[in-house]
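Undergrad: what would the 3D arrangement of this be:
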Amino acid sequence: MPKSIFTDKDYLNHRYFYKRSYYLACLAAGIKSSKEHKFKLSFDTLNGNQLQPVLTVRPSGNGDADDFSSSKCHINILVALPENTFAPSKLLPNSNCVRPKGSDDEASGKALAATPFYNNTLQSDTNVTAYLKLLHGTASRAEAFKDACILGRIWLKQRGFASQLRKGGFGNFEWAAITAILLQPNAGTGAQTVSSGFSSYQLFKSTLQFLSRGDLTKKPFIFQATNITIPKTETSPVVFDGPRGQNVLFKMTPWSYSRLRSEAKATVDMLSDSVFDHFDAAFILKTELLKYRYDATLEIPFASLGFDTAGEEYDQRITETCRKINSTLTRALGDRITALSFTMPGEESWSISSRRPQEKQSKSILVNFATDPANATRTVDHGPSAENKQEAASFRKFWGEKAELRRFKDGSILESVVWSVKDTSASVMQQIVLYILGKHVGDKVAESARFSSDAFGRLIPAGQMQGQSGTAPFLPIMNAFSAMEKDIRDLEELPLRLRHLRAADPQLRYSSIDVPSPGHTPASVVLQFEGSGRWPDDLCAIQRTKIAFLLRLAELLSKLEAGYVARVGMENPSQPAQNQAFLDVTVVAGFTFRIRIYHDREPTLFDRQIKDKSLDGVSRESAATSLALYKREFVQAPLHSQVLQTLCTRFLALSPAIRLTKKWFASHLLAPHFSPELVELLVIRTFLQPHPWPVPSTATTGFLRTLSWISRWDWRHVPLIVDFSTTFSANPADLEDTTSKGMKSEDLDRLRTRFEAWRRIDPAMNRVVLFAATNLDEEGTTWTNKAKPEKVVAARLTALAKAATQAVRADEERLLGHINNTDTAKMQEALNPGLLFTPGVSDFDIVITVSSKYTLRPTKSTKSTPKFKNLDLQKATSSLSPAATPLPQLFAQDLLDVYDDAVLWFWDPETLDKIVGLWNPIATAQRGWKIKAGWNSVPVTGKKGTVDIKVNSEVIVHEIKRLGGELVKSIDVKS
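TA: Now for the predicted structure:
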């Protein structure tokens, strides 16, 4: 715009902006009146700032010479000011440029509050050419500048940042401007010296470090400017560009800046990791998805805020209300949340022949919360002491009727707020949010707001952490285990002293789907005695010695007053060298522990057999299998359990996240093919390597992020590697036999080399499909050996995880459409969490429906209230026997033993209502006649008149029906 159309004081009271709008309207009228050229014209706002309308030119689509539809772009016409149209000193951050009527003099302006947003908006129109020169000059001086800006643009896009006010106010321009300022000589205090010789990666990282280090809301960064005062009322971050007189970050809000800082810090941490590669997390993954990033959301309809949509200050009132909601909720929730952000509805362009339309009041604002699981469910908030009169008065004013004076056990008398979880289904967070909104923002807002959190947690018993950690439901069995261990240690009549009694079962590491209850499946425990030279040096003799030890232990436990019931059981009858006996110990509380004895001499003897060339191949193969089984059950399982116990107490959401993920595996009939430890490793990886997000705080975020990673995991070419060592860096003594302090790159290379060796040895993946290693288990095949799972099952896992992830993303799009009040969103229903756990059986060849009287119905988490405690104890004592294996489980195991070569079986061990199967196409294909095919066959004529055989599927189905008897309700076979 020409300088001549403005006067010296046009910077005051929106005069410049009125002239700007009129000038833009004249441009629009001129283009529209052209008879030679036809375009579609509309008005929009620059970055959502209503002070800066722009003219948008779109192609006509009529195919004439001016039609640029093929370019798939549109043209935004911005209007700008010549430099120094207004005195820069008048537009400083501490100046007031919007004054009451008739108060245009300087004296009245000094007494009024500063208008930094208005001033910076005007300066940004003045600085269009100035910033063009800055960026062009920087690009010519620093070769890597352009590429660093491209990296920054991708990084911002994946995190949902943009220059629009409602998208955070930080986009490509702000990134480029800050990088350019950091590259200027004498960049001022507070900035790292950035050399123009840096590579694009170094420039990118330097900009992130600048954004993550200092808090620019408390300590502004002022570049080449002196005597600049930032008003105390300014809540936006400040990067003041002195030569151009503008705060580059003036469009940012406190919550968007807080998120930018945390994202920058997380990415710097990722880029500084010398061991693991986080390229995908930094640049490829779309991290803005609400369900992965946040633990709770609050939807506030615009209509409840009661704005005058026709008013000129409508946009400003929305921003002010969001600031008020932000400060109120941040104060109310305190350390319960680690982050709070807003998702705002988008804005629309409008025709050049009409006024700017009023925003639909059917739109909504989303407030998103990232919670701290250690504090989120706290029921009492402590305020100031009653002696601090001023602070106590402020506390009471903020909390209103909820504030009360309380005396605590330590003698202190404090202002407090108490929340109850007994008589309401609403979580503590929900109660706080709705109460405080009603008090400080308006009753109508609190009544119409919709709060949601941890939607998937309720699908498992005690899955939502209401006032407790995820491990609390397991306390009864853990206490029973500790008491039993103490009693066994105190037995003085045992031939050898006890060295260890270690848990080796999901129930004892907080990871079983159902909370352990009396009469449940026995929990495996590994017992190790102190060393002795009197053990026999023969594997079979060792097993006999173990039986003698267990019999003696059973006898001694039965004599104790604690009321133990101990029974010795036998196993592995066909393998005399493998473990032969176990001891089931049932405690008064009803829990049963299955004790097996670990003797460290056995691996050496197995290893000796494997190397003994005089033995036949079958014996050596059997010894190798036995050694692998021994290491898994007696060495790795207890170690894994010990690690997981520690992790579950460190990450409060880990236990429910594992249980929810296991339920998903079971619901989709995959559980028989994946060892529990492998599923646990998949979830642990989400917590120990959470990038690009923070550590999950609820079962839902942990579960959904695990599914997302599984859907992207290329297990054919990428191993699963989990680094436990960082878990114990604070106290390495927490875990015995580990002295490492974090994986090094050479450790990772060694594991990858092992994985690549397996792929070379077994390219068809007939033995090892998934490779899962940790720093404590470098074998990588402990939980996946012998094709567990098979290739087809691993492929199905990936497909199911992709389908689930797509459903979650579709629901996110529906939610964003809903807050924008789009027609598509109105037609869609919200995702029901249970749908992700609904199995599909149409892909299977055989579907066996188990009779309902034999299925396992899911246990309901209802609180039992016994009338008399002594009757309850009698009932518990009378049922001191471990749960028998369910009949459908035995039936499924028989099917596996008999038809494993011909059919791949799937079932849900939690319900056992269906057992489904797939014919193995390789094993059951038509082939030349031979005896011992491994399955029921029928002769057929081959291509050259030879006699071939093929699977006799009809007879096999009849055999299955006869084997199942009354267990089988029906069998459906795909034709």
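Undergrad: so residue 282: helix, strand or coil?
TA: Look at residue 282: counting by DSSP: H, G, I helix; E, B strand; the rest coil, its state is helix.
Undergrad: residues contacting it?
TA: 155, 267, 270, 271, 692 (C-beta atoms under 8 Å, 6 or more residues apart in numbering). In short, each C-beta sits where N, CA and C put it, glycine included.
Undergrad: tabulate these (TSV), appending secondary structure.
TA: Shown next, in TSV, are the contacts of residue 282 (three-state DSSP):
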residue	secondary structure
155	helix
267	helix
270	helix
271	helix
692	coil
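Undergrad: now, among these, which is nearest to residue 542?
TA: Nearest to residue 542 among those: residue 270, at 49.7 Å, using C-beta to C-beta.
Undergrad: quick check: phi and psi at residue 523.
TA: phi -100, psi 130 (degrees, to the nearest 10).
Undergrad: ok, residue 493 touching residue 556?
TA: Yes - using C-beta atoms under 8 Å, residue 493 makes contact with residue 556 at a distance of 5.8 Å.
Undergrad: would you map the strands across the stretch 651-800 of the chain?
TA: Ranges of strands in the stretch 651-800 of the chain, per DSSP state E, counting those that start in this stretch, are 720-722, 772-774.
Undergrad: other SSEs contacting the last one?
TA: So the one you mean is strand 772-774. helix 676-688, strand 720-722, helix 745-761 (3 or more C-beta pairs under 8 Å, 6 or more residues apart in numbering; DSSP states H and E).
Undergrad: make TSV out of the strands of the stretch 651-800 of the chain and add mean pLDDT and mean neighbour count.
TA: Listed next are these as TSV, based on pLDDT from 0 to 100; neighbours: other C-beta atoms under 10 Å:
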stretch	mean pLDDT	mean neighbour count
strand 720-722	95	23
strand 772-774	95	25
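Undergrad: give the helix, strand or coil label for residue 848.
TA: strand.
Undergrad: skip the chain neighbours and tell me the closest residue to residue 119.
TA: In this structure, residue 119 finds its nearest non-sequential neighbour in residue 91, 4.5 Å apart by C-beta to C-beta, 6 or more residues apart in numbering.
Undergrad: residues near that neighbour, how many?
TA: Each residue near residue 91 was counted by other C-beta atoms under 10 Å, and the total is 21.
Undergrad: that one and residue 245 touch, don't they?
TA: Yes - if you go by C-beta under 8 Å, residue 91 and residue 245 touch, sitting 6.3 Å apart.
Undergrad: now for those two: what residues contact both?
TA: Common contact partners of residue 91 and residue 245 (C-beta under 8 Å, 6+ apart): residue 123.
Undergrad: burial measure for residue 710, as a count.
TA: Neighbours around residue 710, by other C-beta under 10 Å: 23.
Undergrad: which residues touch it?
TA: Counting by C-beta under 8 Å, 6+ apart, residue 710 has contacts 682, 797, 798, 801.
Undergrad: how about 6 Å then?
TA: Contacts for residue 710 (C-beta atoms under 6 Å, 6 or more residues apart in numbering) come out as residue 801.
Undergrad: for the residue nearest to residue 119, give its distance to residue 430.
TA: 45 Å (C-beta to C-beta, to the nearest Å).
Undergrad: cool, residue 407 as well?
TA: 28 Å.
Undergrad: ok, these two, which is more surrounded?
TA: Higher neighbour count among residue 407 and residue 430: residue 430, with 18 against 11, using other C-beta under 10 Å.
Undergrad: tell me the first helix or strand C-terminal of the helix or strand harbouring the more buried one.
TA: Secondary structure assignment for residue 430, by DSSP states H and E: helix 428-440. Next along the chain after helix 428-440, taking DSSP H and E as the criterion, comes helix 443-448.
Undergrad: could you give the mean pLDDT of that next one?
TA: Per-residue pLDDT over helix 443-448 has a mean of 92.
Undergrad: need the helices and strands packed on strand 772-774 in JSON lines (columns: distance to residue 706).
TA: Converted to JSON lines, those look like this (distance: least, C-beta to C-beta, whole Å):
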{"stretch": "helix 676-688", "distance to residue 706": "5"}
{"stretch": "strand 720-722", "distance to residue 706": "12"}
{"stretch": "helix 745-761", "distance to residue 706": "21"}
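Undergrad: okay, now the unreliable bits of the stretch 1-150 of the chain?
TA: 102-110 (pLDDT under 70).
Undergrad: what's the answer for the chain, then?
TA: If you take pLDDT under 70 as the line, the chain has these spans: 102-110, 186-193, 311, 423, 465-468, 726-741, 857-883.
Undergrad: ok, longest strand in it?
TA: For the chain, the strand with the greatest residue count under DSSP state E is strand 49-59.
Undergrad: ok, that strand: who's next to it in the sheet?
TA: strand 39-46 (antiparallel), strand 75-77 (antiparallel) (DSSP bridges).
Undergrad: deepest in the core, which of the ones you listed is it.
TA: strand 39-46 (a mean of 18; mean count of other C-beta atoms under 10 Å).
Undergrad: which of residue 493 and residue 556 has more neighbours?
TA: residue 556 (17 against 9).
Undergrad: doesn't that one fall inside a helix?
TA: Yes - membership of residue 556 in a helix is supported by three-state DSSP.
Undergrad: give the contact list for it.
TA: If you count contacts by C-beta under 6 Å, 6+ apart, residue 556 has them with 491, 493.
Undergrad: try it again at 10 Å.
TA: By C-beta atoms under 10 Å, 6 or more residues apart in numbering, the residues touching residue 556 are 487, 488, 491, 492, 493, 494, 564, 566.
Undergrad: can you say which of these are buried?
TA: Neighbour-count burial (16 or more other C-beta atoms under 10 Å) applied to these gives 487, 488, 564, 566.
Undergrad: excluding sequence neighbours, find me the nearest residue to the second one.
TA: If you skip the residues right next to it in sequence, residue 488 has residue 498 as its closest partner in space, 5.8 Å away by C-beta to C-beta, 6+ apart.
Undergrad: quick check: phi and psi at the one you found.
TA: phi -70, psi 130.
Undergrad: surely it is in contact with residue 528?
TA: Yes - assessed by C-beta atoms under 10 Å, residue 498 is found in contact with residue 528 at 7.8 Å.
Undergrad: how about the nearest residue to residue 906, chain neighbours excluded?
TA: Leaving aside its chain neighbours, residue 906 sits nearest to residue 669 (3.7 Å; criterion: C-beta to C-beta, 6+ apart).
Undergrad: you'd agree the one you found is up against residue 848?
TA: No - assessed by C-beta under 10 Å, residue 669 is found out of contact with residue 848, at 11.6 Å.
Undergrad: quick one: which of these two has more around it?
TA: residue 848 (27 against 24).
Undergrad: list the contacts for that one?
TA: By C-beta under 10 Å, 6+ apart, the neighbours of residue 848 are 888, 891-892, 895, 905, 907, 913-917, 957, 960-961, 964, 967-973.
Undergrad: what's the longest helix in the chain?
TA: helix 791-819 (DSSP state H).
Undergrad: and that helix, which residues are buried?
TA: For helix 791-819, by 16+ other C-beta under 10 Å, it's 793-794, 796-798, 800-801, 804-805, 808, 811-812, 814-819.
Undergrad: just stretch 200-217 next, same as before
TA: Going by 16+ other C-beta under 10 Å, stretch 200-217 has these buried residues: 200, 203-212, 216-217.
Undergrad: out of those residues, which sit inside helices?
TA: Reading helices off the buried residues of stretch 200-217 with DSSP H, I get 200, 203, 204, 205, 206, 207, 208, 209, 210, 211, 212.
Undergrad: from residue 177, how far off is the second one?
TA: When you say that, I think you mean residue 203. 14 Å.
Undergrad: between the two, what contacts are shared?
TA: With C-beta under 10 Å, 6+ apart as the test, residue 203 and residue 177 both reach residue 149.
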